[in-house]
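Asker: coords please:
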Amino acid sequence: MTQVHPIETSLRPVPARVVTVADRVEVELPSSARVAVRLAMAIGHTPMIGDELLVIGDEHGWYAIGVVSSQGEVRIEVPADVRVHAKGDLELVGDEGVHVSGKVVRITSESLKVAADSVKQTANRWVTRVRGLLSVNAGEKRDVVTGEHAVRADRATLTSRTVVTINGKEIHLG
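Answerer: Model prediction:
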């Protein structure tokens, strides 16, 4: 077990490297002394060995009050609803991705635009309701349905520049 010497005092914040994260978080101060710290940051942070924290303390205790550099997780956790409001644009960016999860996720907007190189959607059940026109403009389209494929309309038109193929064991017209 690492021996902790909380004899050093720093009334000013100093950078310290995380050396242990087992039962408690220990850091190495610039003087090479190791001290246990309590996390006292406004945002939740899960430190990892090698992270650099901003610490302050004395013989009564040391506190991590900021993160200089980290590979750990930053977590914002509140016991109530949260509303983020921007008078201009609000942008969420993740270099490796952005994940949104919840029991129910709602998106409400006057206009929704999605731009991506590839889109994959997976669901057990999917229902789309459009009051006006639903238009799909694609280079190619392929529908694969393992069960019934039913199309119902007041009017229907199928137009092809070249060949229309209908392949089935039975074809019923009328």
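Asker: please make it C-alpha for all contacts and neighbour counts, starting now.
Answerer: Fine.
Asker: where's the spatially most central residue of the chain relative to residue 139, distance?
Answerer: By CA atoms, centre = their mean, the chain has its centre lying nearest to residue 99, at 2.5 Å. Residue 99 sits 30 Å away from residue 139, taking CA to CA, to the nearest Å as the criterion.
Asker: still on that earlier bit, report pLDDT for the residue nearest to the centre of the chain.
Answerer: pLDDT, residue 99: 94.
Asker: any idea how far it lies from residue 150?
Answerer: 35 Å.
Asker: please name the nearest non-neighbouring residue to residue 20.
Answerer: residue 26 (4.9 Å; CA to CA, 6 or more residues apart in numbering).
Asker: list the contacts of that neighbour.
Answerer: Applying CA atoms under 8 Å, 6 or more residues apart in numbering, we find residue 26 in contact with 18, 19, 20, 34, 35, 36, 37.
Asker: how does it look with 10 Å?
Answerer: Going by CA atoms under 10 Å, 6 or more residues apart in numbering, residue 26 touches 2, 4, 16-20, 34-38, 49, 62.
Asker: using PDB, write out the CA atom coordinates for the helix or strand that contains it.
Answerer: Counting by DSSP states H and E, the element that carries residue 26 is strand 25-28. Only the C-alpha atoms of strand 25-28 are listed here, as PDB (Å, rounded to 0.1, in the frame of the first residue of the first chain):
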ATOM      1  CA  VAL A  25      -7.900   8.700  -5.200                       C
ATOM      2  CA  GLU A  26      -4.200   9.500  -4.500                       C
ATOM      3  CA  VAL A  27      -2.200  12.100  -6.300                       C
ATOM      4  CA  GLU A  28       1.500  12.900  -6.500                       C
END
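Asker: starting at the chain centroid, how far to that strand?
Answerer: Relative to its chain's centre, strand 25-28 lies at 29 Å (CA atoms, centre = their mean, to the nearest Å).
Asker: that one pairs with which strands, parallel or anti?
Answerer: Using DSSP bridges, strand 25-28 pairs in its sheet with strand 10-20 (antiparallel), strand 34-39 (antiparallel).
Asker: low-confidence regions, the chain specifically.
Answerer: 1-10 (pLDDT under 70).
Asker: try it again with 90
Answerer: 1-12, 22-24, 41-46, 58-60, 71-79, 172-174 (pLDDT under 90).
Asker: with adjacent residues omitted, what lies nearest to residue 30?
Answerer: residue 16 (6.5 Å).
Asker: I figured the one you found hits residue 70, correct?
Answerer: No: proximity of residue 16 to residue 70 does not meet the contact threshold set by CA atoms under 10 Å, at 11.7 Å.
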